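# sequence first, predicted coordinates after that:
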Amino acid sequence: MSEEPLVRVRGLTKVFGQGEAAATVLRGVDLDLDCGEMAALLGPSGSGKSTLLTILGTLLRPTEGEHRMLGEELTSASDAERTRFRNVHIGFVFQFHHLLPDLTAIENVMMPAAASRGRETGAMRQRAADLLDAVGLADRREYRPAALSGGQRQRVAVARALMNEPPLVLADEPTGNLDRESADQVMALLDRINQSTGTCFLISTHDEHIADHCRRHIRVLDGQLVAAELGGAS
Amino acid sequence: MLYAAKLALRHLLSTPGQTLLLMLGVAVGVSVFVFMSALIGGLATLLTQRTVGSIPHITFEMAERDPQRIVGGPGVQVAVQKDLSRRAQIMVWEPAVALIEATRGVTAVSPQIRGSAFVQRGQTIAPVGVIGVQPDKLSAIADVAGAIVAGTEALTPDSVLIGQTLADDLGLRVGQVIVVRSERDRERSFRIGGIFALGIASADRQALYMNFRTARALFGLPSGISRIEVKVAPPEAAPRIAERLRGATGLKTTPWTDENEQLFEALDAQGRTGTIVKTFALITIVIGIASAMLLSIVRRRGEIGIMRAAGASQRFVLGIFVIEGTLIGAIGAVGGALIAWLALLPFPPLEAVEGGGLPVDRAQGDYVVAVLLTTLAAGLASIVSARRAARIDPVEAIGA
Ligand SMILES: Nc1ncnc2c1ncn2[C@@H]1O[C@H](COP(=O)(O)OP(=O)(O)O)[C@@H](O)[C@H]1O
Ligand SMILES: [Mg+2]
């Protein structure tokens, strides 16, 4: 295989704490993600899904192992380099939508771009408006998060994750806090975006029904990948 | 607008009541700062004014000759005996007066004949210090004309002005005749033209003002004069001007500051007291802002985590909170300066301050310094908290 995948992880290990209190959370994870993939990360609570996602998102350094993305070795990069890399190439969606309460919906969407440029531009506003259109919230641009429903907030968070056009979006139980209907809406939205833009999604969940939206299922158990098999379609 | 500044503003506006209270706290500290400056400054001005009001700011006298200069040299031993027969007098004084008058900062020049004398009235005798002045220069140094309590200030060749204490001691009234005997053993009778009360004990007891020309005769100084007294503005410029004119005239110059060490010690102590109070005001502001910023950061941990997860740099996060703290300081400080300015409005001007009143000088309020220092202190105070904000671990903060 001459062409390197979007993300390549080898022998990834994560140990929290030291000595007696040391807890090994990830035990030698090998994983490749390609551009345009729609993958579910399945596993029971406490199996290490969030830990793997935060390492893939450069928010956390692995104890051991190799982590490459877009051909760059990220474990040896400095904190500032990793922050910069994350800003440009990775989007996040969390379980608890985590919007900034003092910003409107459209301002929240612009945030990742504005924070790195140091100011908001007309072009950013335009792109953010388009993204809100795409997630079906064109009429909620100027709403503060407090005035939005749970499902709406999570859709704003999805739009924000896409702001800088990252090739990879990591979603940690994005529907865990939503009712069935809203959850299906959000999953359908991610699916649609994946189809239309080719953004790679890695979505953690312990819900098989949610995983049905994904073509690839990655199962993690006790810090190890069980089997990387293909899901329903593809 | 700078994005970090926008976020800082949003933070402040999200809890308007709290923000306002915080700024009010800063404003109170700043108004204390300004008030102290105005009070200490006003007090210093008043004390200085009262001190320098009726004394010369610079006195010019003949320089004592240094005998070593006359015959000096290595290996030569000189025994010097003070020449008591030759009196210290400024011989060529008119060019010196012209030169001094033409100097910037000099507001009044009074050439004088000085000497000791005795006033005799019947069997009573009292020592006086005679001040021979040109009649139009009578009030150049002390406001004698304004202090006349009986008679007039006109100095004719045969009239003198004496102080009220002396008049009371000798039972003298305007129009009466006295005999003045000089240290040169010459005597003359004069009519008392006026009695003054300067409010300075020594002057009111011992000073005797006399016409310049008459004094020449009485003290045997046909052409020279004893000294030149000068007023300058501002009084603080006296040492500098004295130094310059010493070189230019070759005379010995004594600025008023040389003989009023005590005043300066008092002013110094006052200034230090003011500085301490002002420092504490600033420290209070710093503590207030630092703790408010720490609270704000604890409350916004999750938001900081989100921004860092979205790739906002540590510098950017630092910037938000430094701007936030600095804004509180700057806006509070401007408010405080304004409050102080308004609060100082009802105070009377220094000239009108009476016993018991506070000599507050609104012009010496140090408004700009207070605002700049407070803003700077606020910035520094928030840097400590902001650095903590920047170092927050996004994973922990988000609780992912
Ligand atoms: N910072 C940490 N320190 C110590 N243990 C941790 C830390 N973060 C996670 N863990 C532990 O790692 C294990 C996996 O956690 P996590 O990755 O959150 O699993 P999941 O997301 O699959 O529920 C859990 O047992 C958890 O207690
Ligand atoms: Mg988890």
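That came in fine, so what should we check first? Ligands and ions are numbered 1, 2, ... in the order given.

# what about stretch B:275-284, average pLDDT?
Averaged across stretch B:275-284, pLDDT comes to 92.

# got the buried residues for it?
Buried residues in stretch B:275-284, defined by neighbour count with 16 or more other CB atoms under 10 Å in any protein chain shown: B:277-278, B:281-282. Every C-beta, even on glycine, is put in place using the N, C-alpha and C of the backbone.

# and the contacts of it?
By CB atoms under 8 Å, 6 or more residues apart in numbering or on different chains, the list of residues contacting stretch B:275-284 from outside reads B:29-30, B:32-33, B:36-37, B:373-374, B:377.

# residues from the stretch 1-150 of chain B in reach of chain A?
With CB under 8 Å from any CB of the partner chain as the criterion, the stretch 1-150 of chain B meets chain A at residues B:1-4, B:6-7, B:10-11, B:13-14.

# packing partners of the helix or strand hosting B:Tyr209?
Following DSSP states H and E, one finds B:Tyr209 within strand B:207-211. Packing partners of strand B:207-211 (3 or more CB pairs under 8 Å, 6 or more residues apart in numbering or on different chains; DSSP states H and E): strand B:124-133, strand B:159-163.

# before we move on, the earlier item: make CSV from the residues of the stretch 1-150 of chain B next to chain A and add pLDDT and distance to ligand 1 to it.
Shown next, in CSV, are the residues of the stretch 1-150 of chain B next to chain A (pLDDT from 0 to 100; distance: CB to the nearest ligand atom, whole Å):
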residue, pLDDT, distance to ligand 1
B:Met1, 71, 37
B:Leu2, 92, 34
B:Tyr3, 96, 31
B:Ala4, 96, 29
B:Lys6, 96, 33
B:Leu7, 96, 28
B:Arg10, 96, 31
B:His11, 95, 28
B:Leu13, 96, 35
B:Ser14, 94, 30
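
# pick out the most distant pair among those residues.
The most widely separated members of those, counting by CB to CB, are B:Leu2 and B:Ser14 (18.2 Å).

# how many other residues sit next to whatever residue of chain A ends up closest to chain B?
Closest to chain B within chain A is A:Asn87: 2.2 Å, counting by CB to the nearest CB. Using other CB atoms under 10 Å in any protein chain shown, A:Asn87 has 23 other residues around it.

# got it, and B:Arg191?
By other CB under 10 Å, neighbour count at B:Arg191 equals 14.

# how about it, phi and psi?
phi -100, psi 140 (degrees, to the nearest 10).

# return the residues in contact with it.
Applying CB under 8 Å, 6+ apart to B:Arg191 gives the contacts B:158-160, B:175-177.

# so which elements touch the helix or strand encompassing B:Ala330?
Element membership of B:Ala330, judged by DSSP H and E, is helix B:314-344. Under the contact definition 3+ CB pairs under 8 Å, 6+ apart, helix B:314-344 sits against helix A:79-89, helix B:3-14, helix B:16-52, helix B:261-299, helix B:301-309, helix B:367-391.

# any buried residues in it, and which?
For helix B:314-344, the buried set under the neighbour-count rule, 16+ other CB under 10 Å, comprises B:314, B:316-340, B:344.

# relative to helix B:261-299, how tilted is it?
Relative orientation of helix B:314-344 versus helix B:261-299 (axes from the mean of the first three to the mean of the last three CA atoms, to 10 degrees): 130 degrees.

# for helix B:314-344, the averaged confidence score.
Averaging pLDDT along helix B:314-344 gives 95.

# so how far is that helix off the chain centroid?
32 Å (CA atoms, centre = their mean, to the nearest Å).

# please enumerate the helices of chain A.
Secondary structure of chain A (DSSP state H): helices located at A:49-56, A:79-89, A:105-117, A:122-134, A:150-162, A:180-197, A:208-211.
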